[in-house]
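J.: Generate a structure from the sequence data that follows.
(chains A and B)
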Amino acid sequence: GENVEQHPSTLSVQEGDSAVIKCTYSDSASNYFPWYKQELGKGPQLIIDIRSNVGEKKDQRIAVTLNKTAKHFSLHITETQPEDSAVYFCAASKGTGFQKLVFGTGTRLLVSP
Amino acid sequence: DSGVTQTPKHLITATGQRVTLRCSPRSGDLSVYWYQQSLDQGLQFLIQYYNGEERAKGNILERFSAQQFPDLHSELNLSSLELGDSALYFCASSPGGANYEQYFGPGTRLTVT
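T.: The predicted structure is shown next:
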(Lines give C-alpha, C1' and ligand atoms only; values in the text may rest on other atoms or scores of the structure.)
Protein backbone atom coordinates (compact mmCIF):
# COMPACT_ATOMS: atom_id res chain seq x y z
CA GLY A 1 0.00 0.00 0.00
CA GLU A 2 0.89 3.67 -0.08
CA ASN A 3 3.54 4.96 2.30
CA VAL A 4 4.21 8.64 2.92
CA GLU A 5 7.41 9.84 4.55
CA GLN A 6 7.68 13.36 5.92
CA HIS A 7 10.62 15.39 7.18
CA PRO A 8 11.79 17.13 9.19
CA SER A 9 9.88 16.06 12.27
CA THR A 10 10.54 19.42 13.90
CA LEU A 11 11.42 22.77 12.40
CA SER A 12 12.27 25.98 14.24
CA VAL A 13 12.50 29.27 12.38
CA GLN A 14 12.57 32.95 13.17
CA GLU A 15 9.61 35.11 12.29
CA GLY A 16 9.92 36.28 8.71
CA ASP A 17 12.01 33.31 7.60
CA SER A 18 10.82 30.68 5.12
CA ALA A 19 9.96 27.12 6.09
CA VAL A 20 10.03 24.06 3.85
CA ILE A 21 8.55 20.65 4.66
CA LYS A 22 9.14 17.69 2.35
CA CYS A 23 7.23 14.48 1.72
CA THR A 24 7.81 11.45 -0.45
CA TYR A 25 5.24 8.87 -1.48
CA SER A 26 5.62 5.33 -2.72
CA ASP A 27 2.60 4.65 -4.94
CA SER A 28 2.96 6.19 -8.40
CA ALA A 29 -0.83 5.93 -8.80
CA SER A 30 -1.38 8.59 -6.12
CA ASN A 31 -2.78 11.73 -7.69
CA TYR A 32 -3.96 14.02 -4.90
CA PHE A 33 -1.71 15.60 -2.27
CA PRO A 34 -3.23 17.79 0.45
CA TRP A 35 -1.51 19.57 3.33
CA TYR A 36 -3.12 19.98 6.72
CA LYS A 37 -2.33 22.25 9.65
CA GLN A 38 -3.23 20.99 13.11
CA GLU A 39 -3.22 23.31 16.10
CA LEU A 40 -3.31 22.01 19.64
CA GLY A 41 -6.68 20.59 20.55
CA LYS A 42 -8.13 21.01 17.07
CA GLY A 43 -8.77 18.88 14.03
CA PRO A 44 -6.56 18.99 10.93
CA GLN A 45 -7.31 22.01 8.74
CA LEU A 46 -6.87 21.75 4.98
CA ILE A 47 -4.55 24.59 3.95
CA ILE A 48 -3.60 23.73 0.38
CA ASP A 49 -3.68 20.81 -2.01
CA ILE A 50 -2.32 19.82 -5.39
CA ARG A 51 -3.29 17.29 -8.01
CA SER A 52 -0.89 15.28 -10.13
CA ASN A 53 -1.60 17.25 -13.30
CA VAL A 54 -0.17 20.41 -11.68
CA GLY A 55 3.46 21.09 -10.72
CA GLU A 56 3.00 24.04 -8.37
CA LYS A 57 0.21 25.86 -6.59
CA LYS A 58 0.34 29.05 -4.53
CA ASP A 59 -2.02 30.65 -2.06
CA GLN A 60 -0.65 33.87 -0.56
CA ARG A 61 2.30 32.86 1.67
CA ILE A 62 1.85 29.14 1.09
CA ALA A 63 2.94 27.12 -1.92
CA VAL A 64 3.13 23.44 -2.74
CA THR A 65 5.32 21.83 -5.39
CA LEU A 66 5.03 18.34 -6.83
CA ASN A 67 7.64 16.26 -8.62
CA LYS A 68 5.85 13.20 -9.99
CA THR A 69 9.00 11.64 -11.39
CA ALA A 70 10.75 11.71 -8.04
CA LYS A 71 7.49 11.09 -6.16
CA HIS A 72 7.92 13.93 -3.75
CA PHE A 73 6.07 17.09 -2.86
CA SER A 74 6.88 20.02 -0.62
CA LEU A 75 5.16 22.75 1.37
CA HIS A 76 6.73 26.20 1.34
CA ILE A 77 5.71 28.89 3.80
CA THR A 78 7.20 32.34 3.29
CA GLU A 79 7.35 35.26 5.73
CA THR A 80 6.47 32.99 8.62
CA GLN A 81 4.49 34.38 11.54
CA PRO A 82 4.09 33.06 15.10
CA GLU A 83 0.54 31.97 14.26
CA ASP A 84 1.99 29.57 11.69
CA SER A 85 3.28 27.49 14.63
CA ALA A 86 1.47 24.13 14.50
CA VAL A 87 1.89 20.55 13.32
CA TYR A 88 1.73 20.16 9.55
CA PHE A 89 0.77 16.89 7.85
CA CYS A 90 1.15 15.92 4.23
CA ALA A 91 -1.05 13.22 2.74
CA ALA A 92 -1.57 11.31 -0.48
CA SER A 93 -4.45 9.50 -2.09
CA LYS A 94 -5.26 7.95 -5.45
CA GLY A 95 -8.25 7.38 -7.61
CA THR A 96 -11.51 9.17 -7.15
CA GLY A 97 -12.93 10.92 -4.13
CA PHE A 98 -13.65 7.54 -2.63
CA GLN A 99 -10.07 6.96 -1.59
CA LYS A 100 -8.53 7.24 1.84
CA LEU A 101 -5.82 9.72 2.74
CA VAL A 102 -2.46 8.26 3.80
CA PHE A 103 -0.74 10.74 6.09
CA GLY A 104 2.88 11.55 6.78
CA THR A 105 4.09 11.55 10.38
CA GLY A 106 3.84 15.32 10.79
CA THR A 107 6.21 18.26 11.20
CA ARG A 108 6.07 20.46 14.28
CA LEU A 109 6.80 24.01 13.13
CA LEU A 110 7.79 26.59 15.72
CA VAL A 111 8.04 30.21 14.64
CA SER A 112 9.79 32.40 17.18
CA PRO A 113 9.09 36.15 17.32
CA ASP B 1 -14.76 26.07 11.59
CA SER B 2 -14.88 23.30 8.97
CA GLY B 3 -18.63 22.74 9.24
CA VAL B 4 -18.12 19.16 10.43
CA THR B 5 -19.41 18.51 13.94
CA GLN B 6 -18.47 15.69 16.29
CA THR B 7 -19.86 14.69 19.65
CA PRO B 8 -18.87 14.17 22.34
CA LYS B 9 -15.69 16.22 22.58
CA HIS B 10 -14.29 14.05 25.37
CA LEU B 11 -15.14 10.55 26.50
CA ILE B 12 -13.70 8.66 29.44
CA THR B 13 -14.66 5.04 29.90
CA ALA B 14 -13.38 1.77 31.30
CA THR B 15 -11.88 -1.23 29.58
CA GLY B 16 -14.44 -3.64 28.18
CA GLN B 17 -17.06 -0.95 27.64
CA ARG B 18 -18.72 0.20 24.42
CA VAL B 19 -19.01 3.77 23.16
CA THR B 20 -20.56 5.56 20.21
CA LEU B 21 -19.01 8.57 18.51
CA ARG B 22 -21.17 10.78 16.34
CA CYS B 23 -20.35 12.89 13.29
CA SER B 24 -22.40 15.29 11.21
CA PRO B 25 -20.83 16.15 7.85
CA ARG B 26 -20.78 19.55 6.16
CA SER B 27 -24.02 20.49 4.49
CA GLY B 28 -24.19 18.82 1.11
CA ASP B 29 -21.30 16.41 1.67
CA LEU B 30 -22.16 12.78 0.95
CA SER B 31 -18.93 11.13 2.02
CA VAL B 32 -17.78 10.56 5.60
CA TYR B 33 -14.37 9.28 6.66
CA TRP B 34 -13.23 8.16 10.11
CA TYR B 35 -9.60 8.48 11.23
CA GLN B 36 -7.79 7.58 14.43
CA GLN B 37 -4.91 9.69 15.70
CA SER B 38 -2.57 8.25 18.30
CA LEU B 39 0.94 9.19 19.35
CA ASP B 40 2.51 5.97 18.09
CA GLN B 41 0.44 5.39 14.93
CA GLY B 42 -0.20 8.92 13.72
CA LEU B 43 -3.31 9.61 11.64
CA GLN B 44 -4.76 6.33 10.38
CA PHE B 45 -7.74 5.84 8.10
CA LEU B 46 -10.44 3.59 9.53
CA ILE B 47 -13.46 3.54 7.24
CA GLN B 48 -15.39 5.55 4.65
CA TYR B 49 -19.08 5.83 3.81
CA TYR B 50 -20.66 7.44 0.82
CA ASN B 51 -24.37 8.21 0.82
CA GLY B 52 -25.08 5.46 3.32
CA GLU B 53 -22.87 2.76 1.84
CA GLU B 54 -19.46 1.55 3.01
CA ARG B 55 -16.91 2.39 0.32
CA ALA B 56 -13.46 1.81 1.77
CA LYS B 57 -11.97 0.12 4.79
CA GLY B 58 -8.62 0.71 6.39
CA ASN B 59 -7.00 -0.45 9.60
CA ILE B 60 -10.26 -0.84 11.46
CA LEU B 61 -10.44 -3.46 14.19
CA GLU B 62 -13.24 -6.02 14.20
CA ARG B 63 -14.36 -4.56 17.54
CA PHE B 64 -15.09 -1.30 15.72
CA SER B 65 -18.00 -0.67 13.39
CA ALA B 66 -19.60 2.31 11.73
CA GLN B 67 -22.65 3.32 9.78
CA GLN B 68 -24.02 6.30 7.91
CA PHE B 69 -27.68 7.12 8.30
CA PRO B 70 -30.18 8.47 5.75
CA ASP B 71 -29.65 12.00 7.06
CA LEU B 72 -25.92 11.43 6.31
CA HIS B 73 -24.69 11.65 9.88
CA SER B 74 -22.37 8.83 10.86
CA GLU B 75 -21.62 6.91 14.02
CA LEU B 76 -18.50 4.99 14.97
CA ASN B 77 -19.07 2.23 17.50
CA LEU B 78 -16.15 0.97 19.56
CA SER B 79 -16.69 -2.11 21.72
CA SER B 80 -14.70 -4.25 24.16
CA LEU B 81 -12.49 -1.25 24.67
CA GLU B 82 -8.83 -1.70 25.51
CA LEU B 83 -6.31 0.77 26.92
CA GLY B 84 -4.69 0.97 23.49
CA ASP B 85 -7.89 2.35 21.98
CA SER B 86 -7.28 5.65 23.76
CA ALA B 87 -6.82 8.17 20.96
CA LEU B 88 -8.33 11.06 19.09
CA TYR B 89 -11.01 10.03 16.63
CA PHE B 90 -11.69 12.36 13.73
CA CYS B 91 -14.45 12.45 11.23
CA ALA B 92 -13.93 14.12 7.87
CA SER B 93 -16.44 14.85 5.15
CA SER B 94 -16.16 15.39 1.43
CA PRO B 95 -18.61 16.09 -1.37
CA GLY B 96 -17.45 12.85 -3.00
CA GLY B 97 -16.90 12.00 -6.65
CA ALA B 98 -14.37 14.30 -8.32
CA ASN B 99 -14.21 16.58 -5.26
CA TYR B 100 -11.31 15.16 -3.27
CA GLU B 101 -11.07 17.67 -0.44
CA GLN B 102 -11.68 16.26 3.02
CA TYR B 103 -12.66 18.59 5.85
CA PHE B 104 -12.06 17.42 9.38
CA GLY B 105 -14.16 17.86 12.48
CA PRO B 106 -12.77 18.85 15.89
CA GLY B 107 -12.45 15.24 17.00
CA THR B 108 -13.46 13.13 19.99
CA ARG B 109 -10.79 12.39 22.58
CA LEU B 110 -11.35 8.89 23.96
CA THR B 111 -9.64 7.85 27.15
CA VAL B 112 -9.94 4.23 28.23
CA THR B 113 -8.98 3.59 31.87
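
J.: Next, the contact list for A:Thr80, please.
T.: A:Val13, A:Gln14, A:Glu15, A:Gly16, A:Asp17, A:Ser18, A:Ala19, A:Arg61, A:Leu109, A:Val111 (C-beta atoms under 8 Å, 6 or more residues apart in numbering or on different chains). Glycine gets a C-beta too; all of them are placed from N, C-alpha and C.

J.: Buried ones among those residues?
T.: In the contacts of A:Thr80, burial by neighbour count holds for A:Val13, A:Ala19, A:Leu109, A:Val111, counting by 16 or more other C-beta atoms under 10 Å in any protein chain shown.

J.: The second one: what's its closest spatial neighbour, skipping adjacent residues?
T.: So that's A:Ala19. Excluding the flanking residues, the one nearest A:Ala19 by C-beta to C-beta, 6 or more residues apart in numbering or on different chains is A:Ile77, at 4.6 Å.

J.: ditto for A:Leu40
T.: Closest residue to A:Leu40 apart from its sequence neighbours, by C-beta to C-beta, 6+ apart: A:Ala86 at 7.9 Å.

J.: correct me, but that neighbour touches A:Tyr36?
T.: No - counting by C-beta atoms under 8 Å, A:Ala86 does not reach A:Tyr36; the two are 9.5 Å apart.

J.: Those two: which has the busier surroundings?
T.: Taking other C-beta atoms under 10 Å in any protein chain shown, A:Ala86 and A:Tyr36 do not tie; A:Tyr36 has more neighbours (25 against 21).

J.: Could you list the contact residues of chain B toward chain A?
T.: In this structure, chain B approaches chain A at residues B:2, B:4, B:31, B:33, B:35, B:42-45, B:48, B:50, B:55-56, B:58, B:90, B:94-107, judged by C-beta under 8 Å from any C-beta of the partner chain.

J.: Please flag which of those residues sit within strands.
T.: Using DSSP state E, the subset of the residues of chain B next to chain A located in strands is B:31, B:33, B:35, B:42-45, B:48, B:50, B:55-56, B:90, B:94, B:103-104.

J.: what's the farthest-apart pair in those?
T.: Largest separation among these by C-beta to C-beta: B:Gly42 and B:Tyr50, giving 24.4 Å.
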